[in-house]
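**Q** Build me a model from this:
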Amino acid sequence: MEAKDKAKALVDKFLPFMHPFHDVVALKQAKQCALIACSEVLKVLEDKWTELDCWTDELSEQIKYYKDVENEINQL
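**A** So this is what the prediction gives:
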């Protein structure tokens, strides 16, 4: 899945749980939740990198992907 698609999917997952009376506020809240989720994923990946004490291409790609997802969320 492309980072842009993942960003939209994450925001869409949180949107139903946001304030239902104001679309702009709900979208902003859903984006914040999606950013928190990405931040948590990045923390796990970075902890894994520290734990392994090495940098693998796969780990590097995953970290880059979730940073790209964060950027795409901010652009929504």
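**Q** any idea how far the strand or helix carrying Glu51 is from the chain center?
**A** Using DSSP states H and E, Glu51 falls within helix 23-52. For helix 23-52, the separation from the chain centroid amounts to 4 Å (computed by Cα atoms, centre = their mean, to the nearest Å).
**Q** switch to numbering from 3
**A** Okay, using 3 as the starting number, the last item reads as helix 25-54.
**Q** Which positions within that helix qualify as buried?
**A** 28, 31-33, 35-37, 39-40, 43-44, 47, 51 (16 or more other Cβ atoms under 10 Å). For every residue, glycine as well, the C-beta is placed using N, CA and C.
**Q** Okay, the residue positioned nearest the centre of the chain and Lys8: tell me how far apart.
**A** Centroid-nearest residue in the chain: Cys40, 2.9 Å away (criterion: Cα atoms, centre = their mean). The gap separating Cys40 from Lys8 is 9 Å, by Cβ to Cβ, to the nearest Å.
**Q** what's the residue nearest to the centre of the chain in contact with, if anything?
**A** Contacts here follow Cβ atoms under 8 Å, 6 or more residues apart in numbering; on that basis Cys40 touches 12, 68, 71-72, 75.
**Q** Out of the residues you listed, who's the most crowded?
**A** When the contacts of Cys40 are compared by neighbour count (other Cβ atoms under 10 Å), Val71 ends up highest, at 26 neighbours.
**Q** how about low-confidence regions in this structure?
**A** 55-57 (pLDDT under 70).
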